[in-house]
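Visitor: Provided below are the primary sequence and the corresponding predicted coordinates.
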Amino acid sequence: MGLLIYNSLSRQKEPFEPLNPPQVGMYVCGITAYDYAHIGHARSAVVFDVIYRYLRYRGYKVTYVRNFTDIDDKIINRAQETGEDPLRLAERFIKAFREDMASLKVSSPSIEPRATEHIPEIIALISRLIETGYAYESEGDVYFAVRRFPRYGSLSRRSLEEMKAGARVAVSEKKRHPLDFALWKAAKPGEPSWESPWGRGRPGWHIECSAMAMKYLGKTIDIHGGGLDLIFPHHENEIAQSEAATGQTFVRYWIHNGFVTIREEKMSKSLGNFVTIRDVLAEYHPEVIRLFLLSKHYRSPLDFSPEAMAEWQAALERAYETMQAIATLRASSDRPPGRKQIRKLGEIESFFAHFEEKFTEAMDEDFNTARAIGLFFEGISLLNRLLTLAGPSPTREHERLAHCALSRLRRPVSQILGLLEEDPETYLLEERRRLIKKLGLDEKKIETLVAEREAARQRKDFAKADEIRNRLQQMGVVLQDTREGTKWKVQRPSSPA
Ligand SMILES: Nc1ncnc2c1ncn2[C@@H]1O[C@H](COP(=O)(O)OP(=O)(O)OP(=O)(O)O)[C@@H](O)[C@H]1O
Ligand SMILES: [Zn+2]
């Protein structure tokens, strides 16, 4: 079966059939650049990054457009508070957002248009809406007349009356209907503004997305995405503006991601309950953040908490430990494995032979990353079982199977989810350093003690060696004597021994 996508418009899963396969046009509403992005914004970016990666993996040629809103009330208000030029302020936060995305290994969209660079397209679209009677000018503003568009409300499935009651829209003398929304706003003193047929002013928020989406992707686009909060009014308005102007279907599949919540409440700047991507990057490896963000189906709510982060951090560390153990596994015995072992190894081999198929089946079901991640960890458990079966003297068969299984596990996990892309040794060292810092330990001191114990063992002073081992243990440092010398690890306070 092919890819199924839950379409917010029909409220059901539909087979994905782009208009002109293998081309796919995808537009996602990006940030309004007036502050550092929070982990809710990161979810939207990472979810659509994985959708973008998966469509390409499935052979589609995707043009992915994600905009920057670089002129808006929120930007102007913030700039007034800081005394900065609004366009400079937006530029600063766009730069910061790009840095955050690079850290999180979010692939760059094909095009990242900005509202202020598309004023002529926006003006042309508004002019067309006025000509066809869908929009009207009022004292230098231009509004969209929602009553002229009978399908208004089809995405959120609400009537004008229900929307009016729910949205608590500002009543304005300038508007013919309370739900009419601004396409163009007359300039106020001191605000950035552009020339237009209606005098100087600036575009409203909704029209920029219609203008930019249609400029780069045509009148009908395959996928349009954004967070759940954008369904009404933003996406409802985008449909009205675009379809009124072209007479054609604007979007074939609407995809909306659920919220990152904090104690069950939407993480948002206005509520002040947010944690920036930067804050989280200071504490966790980017792959831990990606893993957390993909750990639930993209439409479900996802609660952010230090406990949840610690859980995924420990899980990913175990996966890298397994990878490291397999990377260093070398056959030390020439004999073939015993009969009982052969059966068990056969089961493991069969799981990995079908791994990619099962993984894509999960992703085909409306990008079910939660199920794909479940498979990933099932694979890690099986690799650990394989390591146990291999024991201290692995055969060539163990070595072959371990390496083959790991590469089969790693391929889709890395290509589609953007995980397991680090060198395991480097990853584990980095995580150890992070933990040492968090626990306030002294790495140099630990290294010295480990070396002193090694020296005591060499001169067969076992009492001294044991004493040092105990001291290290009290600090949470666990020693492992291997053929390549003594290795050490810091125990995570909450993790079981
Ligand atoms: N808590 C969240 N969880 C998931 N997605 C979110 C969350 N907050 C915002 N988004 C999504 O991130 C994208 C960029 O959002 P935008 O910059 O418009 O947010 P905002 O409304 O300014 O943020 P806030 O809601 O914090 O005020 C949008 O697709 C939006 O739906
Ligand atoms: Zn938008």
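Guide: The structure has been received and is ready for your questions. Residues are numbered from 1 along each chain as shown. Ligands and ions are numbered 1, 2, ... in the order given.

Visitor: Now do the same contact list for whichever residue of the stretch 201-350 of the chain sits closest to ligand 1.
Guide: Sorted by distance to ligand 1 under CB to the nearest ligand atom, the residues of the stretch 201-350 of the chain start with Gly227, at 2.0 Å. (C-beta placed from N, C-alpha, C; glycine too.) For Gly227, the set of contacting residues under the criterion of CB atoms under 8 Å, 6 or more residues apart in numbering consists of 29, 40, 44, 256-259.

Visitor: And the lowest mean pLDDT element among the helices and strands of this protein?
Guide: Counting by mean pLDDT, DSSP states H and E, the chain has its least confident helix or strand at helix 160-167, which shows a mean of 80.

Visitor: and the stretch 151-300 of the chain, which residues reach ligand 2?
Guide: Remark: the part of the stretch 151-300 of the chain in contact with ligand 2 comprises Cys209, using CB under 5 Å from the ion.

Visitor: let's see 8 Å
Guide: By the criterion of CB under 8 Å from the ion, the positions of the stretch 151-300 of the chain lying close to ligand 2 are 205-206, 208-209, 213, 226, 230, 234-235, 238.

Visitor: so which of the contacts of Gly227 comes closest to ligand 2?
Guide: Within the contacts of Gly227, the smallest distance to ligand 2 is 3.2 Å, found for Cys29 (CB to the ion).

Visitor: bridging residues for the residue of the stretch 201-350 of the chain closest to ligand 1?
Guide: As for beta bridges, Gly227 partners with Asn257 under DSSP bridges.

Visitor: Need the pLDDT of it.
Guide: Predicted confidence (pLDDT) at Gly227: the value is 98.

Visitor: likewise Pro496?
Guide: Per-residue pLDDT puts Pro496 at 46.

Visitor: mind listing the strands in the stretch 1-150 of the chain by residue range?
Guide: In the stretch 1-150 of the chain, the strands defined using DSSP state E, counting those that start in this stretch lie at 4-7, 12-15, 23-28, 61-66, 135-138, 141-144.

Visitor: Same question for the stretch 351-497 of the chain.
Guide: Counting by DSSP E, counting those that start in this stretch, the segments of the stretch 351-497 of the chain that form strands are 477-482, 485-490.

Visitor: Relative to Glu81, which of those is closest?
Guide: Of all those, it is strand 485-490 that lies closest to Glu81, at 43.6 Å by CB to CB.

Visitor: Mind listing what's buried along the closest one?
Guide: Within strand 485-490, the residues that qualify as buried by neighbour count (16 or more other CB atoms under 10 Å) are 489-490.

Visitor: go on, stretch 346-365?
Guide: Within stretch 346-365, the residues that count as buried by 16+ other CB under 10 Å are 348-349, 351-352, 355-356, 358-360, 362-365.

Visitor: Just the closest of those residues to Arg147, please.
Guide: Nearest to Arg147 among the buried residues of stretch 346-365: Glu365, at 40.1 Å, using CB to CB.

Visitor: Report the contact partners of the closest residue to the closest one other than its chain neighbours.
Guide: Leaving aside its sequence neighbours, Glu365 sits nearest to Leu4 (CB to CB, 6 or more residues apart in numbering; 6.0 Å). For Leu4, the residues meeting the contact criterion (CB under 8 Å, 6+ apart) are 13-16, 364-366.

Visitor: For those, give me TSV that also has pLDDT and distance to ligand 2.
Guide: As requested, these are exported to TSV (pLDDT from 0 to 100; distance: CB to the ion, whole Å):
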residue	pLDDT	distance to ligand 2
Lys13	98	24
Glu14	98	22
Pro15	98	26
Phe16	98	22
Asp364	98	27
Glu365	98	27
Asp366	98	22
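
Visitor: Could you pick out the buried ones from those residues?
Guide: 16, 364-366.

Visitor: Among those, which pair sits farthest apart?
Guide: Largest separation among the buried ones among the contacts of Leu4 by CB to CB: Phe16 and Glu365, giving 11.6 Å.

Visitor: nearest residue to Val171 other than its sequence neighbours?
Guide: On the basis of CB to CB, 6+ apart, the spatially nearest residue to Val171 that is not a chain neighbour turns out to be Pro178, at 5.5 Å.

Visitor: Show me which of the residues of the stretch 151-300 of the chain next to ligand 2 is closest to Arg457.
Guide: Nearest to Arg457 among those, counting by CB to CB, is Gly226 at 60.8 Å.

Visitor: Wondering if stretch 122-138 reaches ligand 2 at all.
Guide: No. Stretch 122-138 stays out of contact with ligand 2 when judged by CB under 8 Å from the ion, the minimum separation being 12.7 Å.

Visitor: again with stretch 40-48
Guide: No. Counting by CB under 8 Å from the ion, ligand 2 is not contacted by stretch 40-48; separation bottoms out at 11.4 Å.

Visitor: where does the stretch 151-300 of the chain dip in pLDDT?
Guide: Flagging of the stretch 151-300 of the chain using pLDDT under 70 yields the residue ranges 166-169.

Visitor: And the helices in it, which stretches?
Guide: With DSSP state H, counting those that start in this stretch applied, the stretch 151-300 of the chain shows helices at 160-167, 205-217, 236-246, 277-283, 286-294, listed in chain order.

Visitor: To Glu443, which of the ones you listed lies closest?
Guide: Of all the helices of the stretch 151-300 of the chain, the one in closest proximity to Glu443, counting by CB to CB, is helix 277-283 (18.1 Å).

Visitor: What is the end-to-end distance of stretch 15-35?
Guide: The distance separating the two terminal residues of stretch 15-35, taken as CA to CA, to the nearest Å, comes to 38 Å.

Visitor: Okay, buried residues for it please.
Guide: 16, 18, 24-35.

Visitor: For the spatially closest residue to Tyr60 that is not a sequence neighbour, give me its contacts.
Guide: Excluding its sequence neighbours, the residue lying closest to Tyr60 (CB to CB, 6+ apart) is Val24, at 4.5 Å. With CB under 8 Å, 6+ apart as the criterion, the residues that contact Val24 are 18, 55, 60-63, 222-223.

Visitor: Would you mind saying which of the strands of the stretch 1-150 of the chain lies nearest ligand 1?
Guide: strand 23-28 (6.9 Å).

Visitor: what about the closest one, distance to the chain center?
Guide: Centroid separation between strand 23-28 and its chain, computed with CA atoms, centre = their mean, to the nearest Å, is 17 Å.

Visitor: ok, now stretch 295-312?
Guide: The gap between the average C-alpha position of stretch 295-312 and the chain average comes to 12 Å, counting by CA atoms, centre = their mean.

Visitor: Is that stretch positioned near ligand 1?
Guide: No. Residues of stretch 295-312 contacting ligand 1 under CB under 6 Å from any ligand atom: none, with a closest distance of 7.7 Å.

Visitor: so which of the contacts of Leu4 would you say is closest to Gly247?
Guide: Glu14 (23.0 Å).

Visitor: show me the residues around Tyr52 that make contact.
Guide: Residues near Tyr52 by CB under 8 Å, 6+ apart: 26, 62, 64, 107, 109.
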